[in-house]
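Undergrad: fold the following, please.
(chains A and B)
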Amino acid sequence: MILTNLENVPGKKTVEHFGLVSGSTVRAKHIGKDIAAGLKNIVGGELRGYTELLQEARHESVGRMMKEAERMGANAVVNIRFATSSVTQGASELFIYGTAVRVE
Amino acid sequence: MESLINLGVFVFLLALGYLAGHAAERKHYASIIAREKETLNLPAVTIRHVEDEEMVESAWLVSGSVCVGLDYFKMVLANLRKIFGGRVGAYETLVDRARREATLRMKKQAAGADIVLNTRYETSSIGQNAGGKNAVGAVEVLAYGTAVVYKK
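TA: Here you go, the predicted structure:
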């Protein structure tokens, strides 16, 4: 499956549109990571626990979106956008959406 | 006595935050600048139009993300700044570092490509009470775009 955030897959002709596909996941971190991040906040710097958590979650959303596109019979998703929102204390939603298409 | 201990802890955290945070930031900036020089041959642009589509060999989505937190000293400084208003330098360098690091991680995923098109940034504040009164003072930046390889 080809993923791009351009209007099309460059160099390939789009033969069919399937419409919007999206994937999302809401994640909360476990308390250990939270405490570690709180401690890290004293000295500053990268909060590796959070970075990994969000990367993992985003990976899962992409997987869900790809599954949906596959079900429609698409072989590419174009014009992909990411969105992040904190829905509640200590949990955030990672959302990804795009247009499923079939290219040559 | 108790307030004295509290004051002691506060000053200790402040000093620790200042020393460790300052060192960490200097180190991070040095590494960012060095890696930016290495990836100069792979430009990341916000252009989304491909000049000559025939020339494109392959394209794929790339992304890089990083979550960076403030140190205690800068957090106190930023909170003080909120009283008087104006530029909050502590946060400026924080988001600058995060964005540049995210861009570099995105470029790492795009290794072998000729250009990254339609680069976009997503910034969100995270932490215990994101956006709330006691926000941890951390930002997450996601950079994403489409890596393109041209036919040689």
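Undergrad: pull the contacting residues for A:Pro10.
TA: When contacts are counted by C-beta atoms under 8 Å, 6 or more residues apart in numbering or on different chains, A:Pro10 touches A:4, B:50, B:53, B:56, B:59, B:146, B:148. All C-beta atoms are positioned from the backbone trio N, CA, C, and that covers glycine.
Undergrad: quick one: stretch A:10-19 to chain centroid distance?
TA: Chain-centre distance of stretch A:10-19: 21 Å, with C-alpha atoms, centre = their mean, to the nearest Å.
Undergrad: and that stretch, how far apart are its ends?
TA: This stretch, stretch A:10-19, spans 19 Å end to end (C-alpha to C-alpha, to the nearest Å).
Undergrad: please name the nearest non-neighbouring residue to A:Glu60.
TA: A:Thr25 (4.9 Å; C-beta to C-beta, 6 or more residues apart in numbering or on different chains).
Undergrad: isn't that neighbour up against A:Ser61?
TA: Yes - here A:Thr25 reaches A:Ser61: they are 5.1 Å apart, a contact under C-beta atoms under 8 Å.
Undergrad: what do the two both touch?
TA: Counting by C-beta under 8 Å, 6+ apart, the contacts common to A:Thr25 and A:Ser61 are A:Leu94.
Undergrad: about what we covered before: and the contacts of A:Pro10, which of them are buried?
TA: Buried subset of these (neighbour count, 16 or more other C-beta atoms under 10 Å in any protein chain shown): A:4, B:50, B:56, B:59, B:146, B:148.
Undergrad: over to the fourth one. Which of the three states is it?
TA: In this case it means B:Ala59. Per DSSP: H, G, I helix; E, B strand; the rest coil, the local secondary structure of B:Ala59 is strand.
Undergrad: do the fifth one as well
TA: Under three-state DSSP, B:Thr146 falls in the strand class.
Undergrad: mind listing what it touches?
TA: So B:Thr146 contacts A:4-6, A:10, B:59-62, B:116-118 (C-beta under 8 Å, 6+ apart).
Undergrad: next one: the last one
TA: Neighbouring residues of B:Val148 by C-beta under 8 Å, 6+ apart: A:10, B:50, B:56, B:58-59, B:113-117.
Undergrad: which SSE is B:Arg120 in?
TA: Secondary structure assignment for B:Arg120, by DSSP states H and E: strand B:115-126.
Undergrad: for that strand, name the packing helices and strands.
TA: Packing partners of strand B:115-126 (3 or more C-beta pairs under 8 Å, 6 or more residues apart in numbering or on different chains; DSSP states H and E): strand A:76-88, helix B:89-109, strand B:138-150.
Undergrad: right, and those - which one's nearest B:Leu77?
TA: Taking C-beta to C-beta, helix B:89-109 is the member of these nearest to B:Leu77, at 5.2 Å.
Undergrad: residues of the closest one that come out buried?
TA: For helix B:89-109, by 16+ other C-beta under 10 Å, it's B:90-91, B:93-94, B:97-107, B:109.
Undergrad: how near is whichever residue of chain A sits closest to chain B to A:Val26?
TA: Taking C-beta to the nearest C-beta, chain B has its nearest neighbour within chain A at A:Gly44, 3.0 Å off. Using C-beta to C-beta, to the nearest Å, we find A:Gly44 at a distance of 28 Å from A:Val26.
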